[in-house]
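Peer 1: below: sequence and its predicted model.
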Amino acid sequence: MLDLRRRSLVRRLVLIAGIWTLLVVLIAGVFLTAQFRSAAIRRFDQSLAVLTDDLYAGSTVEEGQLRAPVLTDIRATRAYSGRYWVILDKSPEGAMRPVERSRSLFDSDLMLSSKQIDQLDAAPGQTQYFNMRGPQDKPLRAAAILARLPGYADPVVFLAAEDRTPIDADADRFAGVTAIALAILAGGLILATVVQVRFGLQPLFRLRREVASVRRGKSERLADDYPEELEPLSRELNALLAHNQEVVERQRTHVGNLAHALKTPLSVMLTEASQQPGQLAEVVERQAQTMREQVDHHLRRARAAARSQTSGERTPVEPILDELAVTLERIFQDKSEGRGIEIDWRCPEDLCFQGEKQDFMELAGNVMENAGKWCRGKIRAEATPSGEARMLLTVDDDGPGLPPEERAQALKRGQRLDENAPGSGLGLSIVDELTRAYGGSVQLGESPMGGLRVTLDLPRAEA
């Protein structure tokens, strides 16, 4: 069973209008066909009534014998022509006996059923109409009248009948033509309904597109003019957007205040501990440094989670990759081996990250910096669209790589797989946390260049 609640408005309205149109057209077709058939039969009955009246008016009784009038209807003289008449008398016992008949009956008779005889008995002197079977078992339309003639003892039935096949054929032909005409009409009405619904719901479609534009960061508010039915919804959506923006800004302010409130005491503790050597100072310094890292971690994650809920940020990827490549090549120019690194990056000009610039720089910067620490001299970074509203940032290096069993461990916070390598072990952990805050993921794999491949799945701002 169709669930109209889950269907689109266009389909729902068109479906309802289509069902109603087809129902009305079907009823109209049946009604028109029935009316045409009824009108044709009435005209047919009028012709038969004239013949029965002629038989009744022209019949005479001579010496107790019933004599039929001389009729000029040529069809009644040809055998099985489809035009017949007969005069019957009714005995006291109720039996019907043909007295006179048309030559067109040839060797056949037209006999009435008991039901038809009862119908004539109930209304003597009135013409009655009914269907019956005639010669060669063809359907006939008949008209009969029961009357008494002066000088004739028994009641007399004057019966005229004609083949009704032409009536049925005309009615069937009319039904076919009507069906075609009404089908065309129904199709036109349904098409008109589709056009009307699509045109009538255009403001709703515009509202949907504008909301999507806000979500993608192309605009900040709904600015279009809408009909009076949608104008309240537009105002409420703008009010909701303003409220959400206010909540996010308030959260950012609280996060910043919390960061300053915590970092200052921690800095004082670290400074005091460094100036008073000893076992207690070492414990305080180590725990304070751990607390600072935890504060940075949770504050960064809170900021990213708050920003990921907003929809107005669009960050072009190409200039950031260019800036990071230039900066990192300069930083790693003075490696101990006496050689620098070469970063080959590629990105479509119109590719945009759906989020803040600072977050993307931290994501791409950490991954590319990690590759710079481990590579032998070459790094390749490529950003590409992926699926609907998604993008991939892939960074490869030609370093020693990472065994599969150690890749998951590399994403853990503070994990350093090589104590001789520079760094705190937080780079890939920060990337993983930020990526998940944006609803993405980090994949570590084997690079075609021989080292490690890091793939980030991130939200993409649609063009």
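Peer 2: Looks like it arrived, so ask away.
Peer 1: next, count neighbours for Ala153.
Peer 2: 11 (other Cβ atoms under 10 Å). All C-beta spots, glycine's among them, are computed from the backbone N, C-alpha and C.
Peer 1: just the pLDDT for it.
Peer 2: Predicted confidence (pLDDT) for Ala153: 82.
Peer 1: tell me the SS of it?
Peer 2: With DSSP: H, G, I helix; E, B strand; the rest coil as the basis, Ala153 sits in coil.
Peer 1: can we start the residue count at 10 from this point?
Peer 2: Happy to do that; since the first residue is 10 now, the last one works out to Ala162.
Peer 1: and the residue sitting furthest away from the middle of the chain, its phi and psi?
Peer 2: Computed with Cα atoms, centre = their mean, the residue of the chain farthest from its C-alpha average is Glu72, at 87.4 Å. Backbone torsions for Glu72, taken as degrees, to the nearest 10, come to phi 50, psi 40.
Peer 1: ok, now Ala77?
Peer 2: Taking degrees, to the nearest 10, you get phi -80, psi 150 for the backbone angles of Ala77.
Peer 1: so it sits against Gly67, correct?
Peer 2: Yes. Between Ala77 and Gly67 there is a contact at 7.4 Å, judged by Cβ atoms under 8 Å.
Peer 1: who's more crowded, the two?
Peer 2: Per other Cβ under 10 Å, whichever of Ala77 and Gly67 has more neighbours is Ala77, with 17 against 13.
Peer 1: tell me the contacts of the more buried one?
Peer 2: Listed by Cβ atoms under 8 Å, 6 or more residues apart in numbering, the contact set of Ala77 reads Leu64, Gly67, Ser68, Ile96, Val108, Glu109.
Peer 1: can you tell me the closest non-neighbouring residue to it?
Peer 2: Glu109 (3.7 Å; Cβ to Cβ, 6 or more residues apart in numbering).
Peer 1: just Ala88 next, same as before
Peer 2: Phe115 (4.1 Å).
Peer 1: that neighbour: neighbour count?
Peer 2: 13.
Peer 1: dump the residue contacts of it.
Peer 2: Going by Cβ under 8 Å, 6+ apart, Phe115 touches Ala88, Tyr89, Pro144.
Peer 1: go on, Leu420?
Peer 2: Leu437, Ser438, Asp441, Val451, Leu453 are the contacts of Leu420 under Cβ under 8 Å, 6+ apart.
Peer 1: try Pro164
Peer 2: Residues counted as contacts of Pro164 (Cβ under 8 Å, 6+ apart) are Asp98, Lys99, Pro133, Leu155, Ala156, Arg157.
Peer 1: tell me which of the residues you listed has the lowest pLDDT.
Peer 2: Lys99 (82).
Peer 1: wait, the residue nearest to Ala77 sits on Leu75?
Peer 2: Yes. Using Cβ under 8 Å, Glu109 makes contact with Leu75 at a distance of 6.8 Å.
Peer 1: quick one: find the helix or strand in this structure with the lowest mean pLDDT.
Peer 2: Every helix and strand in the chain was compared by mean pLDDT, DSSP states H and E; the lowest is helix 288-318, with a mean of 68.
Peer 1: contacts for the very next helix or strand once past that helix next, please.
Peer 2: Later in the chain than helix 288-318, the nearest helix or strand by DSSP states H and E is strand 324-325. Residues from elsewhere that reach strand 324-325, judged by Cβ under 8 Å, 6+ apart: Leu360, Cys361, Phe362, Gln363, Gly364, Glu365, Lys366, Phe369, Ala470.
Peer 1: go again with 6 Å.
Peer 2: Cys361, Phe362, Lys366, Phe369 (Cβ atoms under 6 Å, 6 or more residues apart in numbering).
Peer 1: among these, name the ones in helices.
Peer 2: In this view, the contacts of strand 324-325 that belong to helices under DSSP state H are Lys366, Phe369.
Peer 1: got the domain ranges for the chain?
Peer 2: Taking automatic domain parsing as the reference, the chain has its domains at 68-173, 240-318, 324-468.
Peer 1: so who does Gln125 touch?
Peer 2: Counting by Cβ under 6 Å, 6+ apart, Gln125 touches Phe139.
Peer 1: which among the contacts of Ala77 gets closest to Pro286?
Peer 2: Distance to Pro286, by Cβ to Cβ, is smallest for Leu64 among these, at 141.7 Å.
Peer 1: skipping adjacent residues, who's closest to the closest one in space?
Peer 2: Per Cβ to Cβ, 6+ apart, closest to Leu64 is Phe167, 4.2 Å.
Peer 1: each with direction, which strands does whichever strand or helix holds the one you found pair with?
Peer 2: Using DSSP H and E, Phe167 sits in strand 165-172. According to DSSP bridges, strand 165-172 has the following sheet partners: strand 92-99 (antiparallel), strand 148-156 (antiparallel).
Peer 1: which residues touch that strand?
Peer 2: Outside strand 165-172, the residues that touch it by Cβ under 6 Å, 6+ apart are 57, 60-61, 64-65, 91-98, 119, 147, 149-156, 158.
Peer 1: hang on, the earlier thing: could I have the PyMOL command that selects the buried members from the contacts of Phe115?
Peer 2: The buried subset of these, as determined by 16 or more other Cβ atoms under 10 Å, is captured in PyMOL by this line:
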select buried, resi 89+144
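Peer 1: among the contacts of Phe115, which ones are in helices?
Peer 2: Applying DSSP H to the contacts of Phe115, no entry is found in helices.
Peer 1: how far does the one helix or strand Glu414 maps to sit from its chain's centre?
Peer 2: If you go by DSSP H and E, Glu414 is part of helix 413-419. Remark: helix 413-419 is offset 45 Å from the chain centroid, using Cα atoms, centre = their mean, to the nearest Å.
Peer 1: before we move on, back to that, what bridges to the residue nearest to Ala77?
Peer 2: Assigned bridge partners for Glu109, using DSSP bridges, are Ile96.
Peer 1: what about it, neighbour count?
Peer 2: So Glu109, with other Cβ under 10 Å, has 17 neighbours.
Peer 1: element containing Glu391, please.
Peer 2: Assigned by DSSP H and E, Glu391 belongs to strand 387-394.
Peer 1: can you check which helix is longest in this structure?
Peer 2: Across the chain, the longest stretch assigned as helix under DSSP H is helix 18-67.
Peer 1: and it, what does it pack onto?
Peer 2: Here helix 18-67 touches strand 148-156, strand 165-172, helix 174-209, going by 3 or more Cβ pairs under 6 Å, 6 or more residues apart in numbering; DSSP states H and E.
Peer 1: tilt between it and helix 174-209?
Peer 2: Going by axes from the mean of the first three to the mean of the last three Cα atoms, to 10 degrees, helix 18-67 is angled at 160 degrees with respect to helix 174-209.
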